[in-house]
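Peer 1: What follows is a predicted protein model with its sequence.
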Amino acid sequence: MGQAALTETKKVLMKKTLGVVKDTITKYFDLDDLFKKTRKRKYIDARLMFVKYSYEKIINKSTGKNLFKKSEIAAYMNLDHATILHSLKKFDNLCFSDLDYRNEWESLLKKIDIKILLAHKELELQDILINYIEISNSATKTNLLQYIVKSQPSLKDIFEYSYGLDLIIKEENVSSTIN
């Protein structure tokens, strides 16, 4: 796998993984936007937890190191890396001094861990499906892609670029109007 493909894979993984963390924390704290520019306490607490989880809890299984750099997390949040450093220190101080904050963090950890596991399984299944499509003959490939578009319209974007789904959808529409 080339460097360009590796970075593209990491971008997809980052968008998916950090998106899951962001969505879970946003729902947990009942916020409208986690990255909203505000100094309200619940937004600050939630952002600190996002930074802590994103940097220290998402680990590369093969190396045992943090999967995302501080600068990558900062870019995702539209901040600079110094803000991430400050957030990590602030989080540690709050967890040490505020029992309620620590309890909330521990409760949230379990929810995020489960959601991350599910998201990674979904990505693995998509890779398996893509590999199966790659080795399939033309007729099977067309049938699989038509089925995907019908049953899971949200997956259409994944396959649209690689397999020319617009052509397959047009073929399906033509055949369905004939039948």
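Peer 2: Noted; the coordinates are in hand.

Peer 1: I'd like the average pLDDT over the strand or helix carrying residue 8.
Peer 2: In this assignment (DSSP states H and E), residue 8 forms part of helix 3-28. The predicted model gives helix 3-28 an average pLDDT of 81.

Peer 1: mind checking how far that helix is from the chain centre?
Peer 2: 3 Å (C-alpha atoms, centre = their mean, to the nearest Å).

Peer 1: helices and strands around it, which ones?
Peer 2: helix 41-52, helix 70-77, helix 99-135 (3 or more C-beta pairs under 8 Å, 6 or more residues apart in numbering; DSSP states H and E). Where C-beta positions appear, they are placed from N, C-alpha and C, glycine not excepted.

Peer 1: quick one: buried residues of the first one?
Peer 2: Buried positions in helix 41-52, judged by neighbour count with 16 or more other C-beta atoms under 10 Å: 43, 45-52.

Peer 1: need the helices and strands packed on helix 3-28 in TSV with distance to residue 63 and mean pLDDT, can you?
Peer 2: Listed next are these as TSV, based on distance: least, C-beta to C-beta, whole Å; pLDDT from 0 to 100:
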stretch	distance to residue 63	mean pLDDT
helix 41-52	20	96
helix 70-77	15	93
helix 99-135	16	85
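
Peer 1: Out of those, which is closest to residue 11?
Peer 2: helix 70-77 (9.5 Å; C-beta to C-beta).

Peer 1: Tabulate the CA atom coordinates of that closest one in CSV.
Peer 2: The C-alpha coordinates for helix 70-77 follow below in CSV (Å, rounded to 0.1, in the frame of the first residue of the first chain):
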residue,chain,number,x,y,z
LYS,A,70,-2.4,16.4,18.6
SER,A,71,-2.1,18.4,15.4
GLU,A,72,-4.5,16.1,13.6
ILE,A,73,-7.1,16.3,16.4
ALA,A,74,-6.6,20.1,16.4
ALA,A,75,-7.2,20.3,12.7
TYR,A,76,-10.3,18.2,13.1
MET,A,77,-11.6,20.6,15.7
